[in-house]
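K.L.:
Got a predicted structure here, sequence first:
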Amino acid sequence: MANLNIDSVKDRTFDAIVIGSGMSGGWAAKELTDKGLKTLILERGRDVKHIKDYPTTNLNPWEFPHHGTLPNDVQEANPIANRCYAFHEDAAHFFVKDKEHPYVQAKPFDWIRGYQVGGKSLLWARQTQRWSDFDFEGPARDGFAVDWPIRYKDIAPWYSYVEKFAGISGNKDGIPELPDGEFLPAFPLNDVEDYFSKHVKSKYKNRHVISARCAHLSKPNQIHLDQGRTQCQNRTLCQRGCPFGGYFSANATTIPWALKSGHATLRPFSVVHSIIYDEKLGKATGVRVVDTNTKETIEYFAKIIFVNAAALNTNLILLNSTSNRFPNGLGNDSGVLGKYVAFHNYSARISGEYDGYKEYTTEGRNPAGGGYIPRFRNVYKQETDFLRGYACGFYAGRYQQHSEEGVGESLKENLVNGELSPWQVGSHMMGETIPKESNFVTLDKSLKDQWGIPQLKISVDYDDNDEKMKKDFVEQLTEMFTSAGFTNIKASTNHQAPGLDIHEMGGVRMGNDPKTSILNKWNQVHTCKNVFVTDGASMTSTSCQNPSLTYMALTARAADYAITESKKGNI
Amino acid sequence: MNRRIAIRNMALLLGGTVLLPSCLNSKGNKVVQLKHITLDDDQQTLIAEIAETIIPKTSTPGAKDLKLPEFVLLMLDDCYNKKDQLQILEGLTAFNNLVKSKFNKDFANLSIKERESFLNDFESSAKQAQKNSKSTDSINAFYWAIKQQTVFAYTTSQYFMTKQIVYELVPGRYNVHVPVKKLKSA
């Protein structure tokens, strides 16, 4: 007889609802359930269970039908996803296919998405750096966007909190602009990376080449073993999902942790249409979900709602959450919702060769990818004709080179007996872009997806500042490479569309003033206090660090605040 | 179950395209319809013989032993766009004609020595021609596709990656400052 109640409001009522199960949603779910809140986790895509749902993870190259190459049909059907560096035969099943989830490009924008439990946390490049006050004070100092309502001291303990649980490897480098964290041992720089590091240090006062800090278990602690994860095995096949749990993903870490608490309900195939706002209560009461299989609309209710749908989809949900009180989208009295979207500029790289260290090479693989150069431009003062700056990756390596000329027995021998190449070096830029009102997303007035939800229309572009910064990267890195004695230096710039960096941010920005921002310093909607946005949408500016670690810290901090406020009866 | 899926599953049960029923072309040759391209027996033989010439059986297995021609066909069928496939098939005919005009017989009927020197000569004159002009004709499109896919098939085959080199799925280490000498003697 209990079944009679299955559809009752009571059964659809939770203490908290988390929209999204990826990088930040996983953290919201973990934090809320840790504190005993009965939490519904909504995921628009399918479930991906750790290990069990990583079908390619243990395949050797020859075990893939095309040995790793994606068939032409798949590539042609997915021009957007196909531009992503990780869209290959081993991981294509974790990417959104272009036709299934259309959107409108008012300007070219490569929107790379992962609709499944874990989201893009399965696919990310795992680079994790803290922000400092040089980043949080950026907009106020340089006069763009609005002032961040928080400073480093507000978030520092939360960086520590998430780092300990996630497992971040790195060195304590003592660089003020890139604060140290709670690190597991770093993956070392190799000989040429280390040589370049020392060279740069001797030549430039404020430029550093450090071991890239990354979310890999170089040496797991008890807390990681408790999660069922073990040491990173240097496979660097992370995009397939890791059977060791060697890197941080929501699938290996936060989601199973939340489910283990007994307080979480995970509902895949549930795309959120909108957040339900109650005019009388003056707050949100729940969310409207469309079951992606049955296309049935279902309402779920909760006191606390976390929106972690990934930056642009979070914008979409809020824009689509209209009511008499909020005709232009939830919390959008200011009119800034969907605006001031920004991203990272990855449109230049440089390569070269080094003649030294011929007697040495490396063995195995480096999951950190090599070195990291923190931003050195305009840190302490404005010194260039563009605002802000860029961080850089830096890597050196040798590979086996073979002659593939000719046919027959000699070719067979050549393919086995290659020789090591000289050291190849490379660097790519990761530039801060300036959030502007003219870079925005809106809902298309007529086009809808197959679940009746308006399509997102994206209008985001580079500007003159980005072009100047790109030029500066090429000049500075050419100079650094040249003075280090690297040869055959080649810079290449491209015009990749925004989005391909997969670091889109903003649109639901934090700020002190409700007239110019949507969220307060707790990632709480100024005018709808029980709704929290803690993914990339909340970012006031982008700085140039890889952003995921900051989303994790903001999420844990906001969840703690939400629980405290809820206990006080304030939300 | 929807019909399209049912047909696809049946194809999988039958072992994919290789076992799909074949029919005869106007010359009386068996024609195999792959997913995107159609090849008759002679054309498949030519590709297999070129692959075997590129990676011959020596004291170690050759292309045919390792089923590389099948993989090359799969790649030609799945991993090239229509335009490239048309050019490659056109090039196949041109290649065949070139061999016939030179030797007055099919590639498959040449001695191993003749095949090897023909392909080596073809490669050197193609390299020379490339230096002079950038245009690639269909015969080059054909040959270099077969060459590239045969080498790719070989170097990513289980045999090569386990017996000739050691591919490590799980290295479990990243060592820096490793003497090259030590690496070679290992």
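P.N.:
Cool, got the structure. Numbers count the residues shown, from 1 in each chain, chains lettered A, B, ... in the order given.
K.L.:
Okay, now the unreliable bits of the chain?
P.N.:
Going with chain A. A:1-7 (pLDDT under 70).
K.L.:
Actually, chain B is the one I wanted.
P.N.:
In chain B, residues with pLDDT under 70: B:1-28, B:133-135, B:184-186.
K.L.:
What ranges does it have for its helices?
P.N.:
Using DSSP state H, the helices of chain B run over residues B:3-13, B:41-54, B:68-78, B:82-103, B:112-132, B:138-155, B:158-159, B:180-185.
K.L.:
can you list those helices in a markdown table and add distance to chain A?
P.N.:
Where C-beta positions appear, they are placed from N, C-alpha and C, glycine not excepted. Output for the helices of chain B, formatted as a markdown table (distance: least, Cβ to the nearest Cβ, whole Å):
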| stretch | distance to chain A |
| --- | --- |
| helix B:3-13 | 11 |
| helix B:41-54 | 5 |
| helix B:68-78 | 4 |
| helix B:82-103 | 8 |
| helix B:112-132 | 5 |
| helix B:138-155 | 6 |
| helix B:158-159 | 4 |
| helix B:180-185 | 5 |
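K.L.:
So which of those is nearest A:Glu409?
P.N.:
helix B:112-132 (9.0 Å; Cβ to Cβ).
K.L.:
tell me which residues in stretch A:11-26 are buried?
P.N.:
For stretch A:11-26, burial by neighbour count (16 or more other Cβ atoms under 10 Å in any protein chain shown) applies to A:12-26.
K.L.:
can you tell me which residues contact A:Lys30?
P.N.:
By Cβ atoms under 8 Å, 6 or more residues apart in numbering or on different chains, the residues touching A:Lys30 are A:Thr254, A:Ile255, A:Trp257, A:Ala258.
K.L.:
out of these, which is most surrounded?
P.N.:
Most neighbours among the contacts of A:Lys30, by other Cβ atoms under 10 Å in any protein chain shown: A:Thr254, with 32 neighbours.
K.L.:
pretty sure A:Leu266 is touching A:Thr254, no?
P.N.:
No - taking contacts as Cβ atoms under 8 Å, A:Leu266 lies outside contact range of A:Thr254: 11.6 Å.
K.L.:
quick revisit: so which of the buried residues of stretch A:11-26 sit within strands?
P.N.:
Of those, the ones assigned to strands by DSSP state E are A:Thr13, A:Phe14, A:Asp15, A:Ala16, A:Ile17, A:Val18, A:Ile19.
K.L.:
List the contacts of A:Asn520.
P.N.:
Applying Cβ under 8 Å, 6+ apart, the residues contacting A:Asn520 are A:Pro149, A:Met510, A:Gly511, A:Asn512, A:Pro514, A:His526.
K.L.:
Going by distance to chain B, which of these wins?
P.N.:
Distance to chain B, by Cβ to the nearest Cβ, is smallest for A:Met510 among the contacts of A:Asn520, at 38.4 Å.
K.L.:
what's across from that closest one in the sheet?
P.N.:
Judged by DSSP bridges, the bridge partners of A:Met510 are A:Leu519.
K.L.:
Which residue comes closest to the residue minimising distance to the centre of chain B once chain neighbours are left out?
P.N.:
Central residue of chain B (Cα atoms, centre = their mean): B:Val72, 3.5 Å from the mean position. Leaving aside its sequence neighbours, B:Val72 sits nearest to B:Gln149 (Cβ to Cβ, 6 or more residues apart in numbering or on different chains; 4.5 Å).
K.L.:
Quick check: the one you found touching B:Asp78?
P.N.:
No - contact criterion Cβ under 8 Å: B:Gln149 and B:Asp78 do not qualify, at 11.0 Å.
K.L.:
What segments of the stretch 151-300 of chain A are strands?
P.N.:
Counting by DSSP state E, counting those that start in this stretch, the stretch 151-300 of chain A has strands at residues A:168-169, A:183-184, A:210-211, A:264-267, A:270-278, A:283-291, A:297-307.
K.L.:
Thank you, goodbye.
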